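Participant: Sequence and computational prediction follow.
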Amino acid sequence: DTGVSQNPRHKITKRGQNVTFRCDPISEHNRLYWYRQTLGQGPEFLTYFQNEAQLEKSRLLSDRFSAERPKGSFSTLEIQRTEQGDSAMYLCASSFSLASGRKYNEQFFGPGTRLTVL
Amino acid sequence: GEDVEQSLFLSVREGDSSVINCTYTDSSSTYLYWYKQEPGAGLQLLTYIFSNMDMKQDQRLTVLLNKKDKHLSLRIADTQTGDSAIYFCAVPRPGSARQLTFGSGTQLTVLP
């Protein structure tokens, strides 16, 4: 399977704990995105990487959230001191785009990590 | 900021056409997308349209774009039970073609 993979698929944690999620994009994709999706809503953009550089961050990404993509391949999203409001599905997507190319940006999504904060 | 609105639910009979509507407040002049989400699965890109087009047809799918009214629609011809899913329109944020703003999704139920 050469699609986007995310681990773990489910995470249950107690309030105040730290959690880390991993995303492995499609191997030739240079862009990687994190989204958050709550029940009954569409995904909300969190952040985006071009190779290893984090280029855009949403105001939704508070100080407790940090994302990395150290070698331009897999990415991690860490949430520190989790709160019940962090309970959501965290989606990762990847795409390939030439810097000078057209702006078509098909993003391929992974299955998500469902976080439940008790 | 960007606001993307969709109606929450749509029910159709198998074999009928489905029309899912989406309105947005602003967008980059680039591509607009329709995604499908089935239970337990990730989002899957269904189709897209470039902002200088009015219509795009792709097999059973027809996308209509009215830029003046900022209205996007997805028509599914001959709807099948396998089309039951949540459909999201996604619009690039102005100034950032990479940041997609999604609607809240339309739950399509296809009745036999």
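Facilitator: Looks like it came in fine.
Participant: State the next helix or strand along the chain beyond the one helix or strand residue B:5 maps to.
Facilitator: Assigning secondary structure by DSSP states H and E places residue B:5 in strand B:4-6. As assigned by DSSP H and E, the chain's next helix or strand after strand B:4-6 is strand B:9-13.
Participant: In its sheet, which strands sit next to that following strand, and in what direction?
Facilitator: strand B:106-111 (parallel) (DSSP bridges).
Participant: and the partner strand, how far out from the chain's middle?
Facilitator: For strand B:106-111, the separation from the chain centroid amounts to 13 Å (computed by C-alpha atoms, centre = their mean, to the nearest Å).
Participant: what about residue 12, neighbour count?
Facilitator: Answering for chain A, as no chain was given. Residue A:12 has 12 neighbouring residues, counting by other C-beta atoms under 10 Å in any protein chain shown. For every residue, glycine as well, the C-beta is placed using N, CA and C.
Participant: not quite, I wanted chain B
Facilitator: 17.
Participant: I'd like to know how far it sits from chain A.
Facilitator: Plainly put, residue B:12 is 21 Å away from chain A if you go by C-beta to the nearest C-beta, to the nearest Å.
Participant: Could you list the low-pLDDT ranges of the chain?
Facilitator: As the question left the chain open, I've gone with chain A. Across chain A, the ranges flagged by pLDDT under 70 are A:1, A:98-104.
Participant: Please refer instead to chain B.
Facilitator: Confidence mapping of chain B against pLDDT under 70 gives the ranges B:1-2, B:27-29, B:97.
Participant: Pick out the residue in it sitting closest to chain A.
Facilitator: Nearest residue of chain B to chain A, counting by C-beta to the nearest C-beta: residue B:102, 3.0 Å away.
Participant: and the closest residue in space to that residue that isn't next to it in sequence, what is it in contact with?
Facilitator: Sequence neighbours aside, residue A:42 is the residue nearest to residue B:102 in space, at 3.0 Å (criterion: C-beta to C-beta, 6 or more residues apart in numbering or on different chains). Residues in contact with residue A:42 (C-beta atoms under 8 Å, 6 or more residues apart in numbering or on different chains) are B:4, B:88, B:90, B:102, B:103, B:104, B:105.
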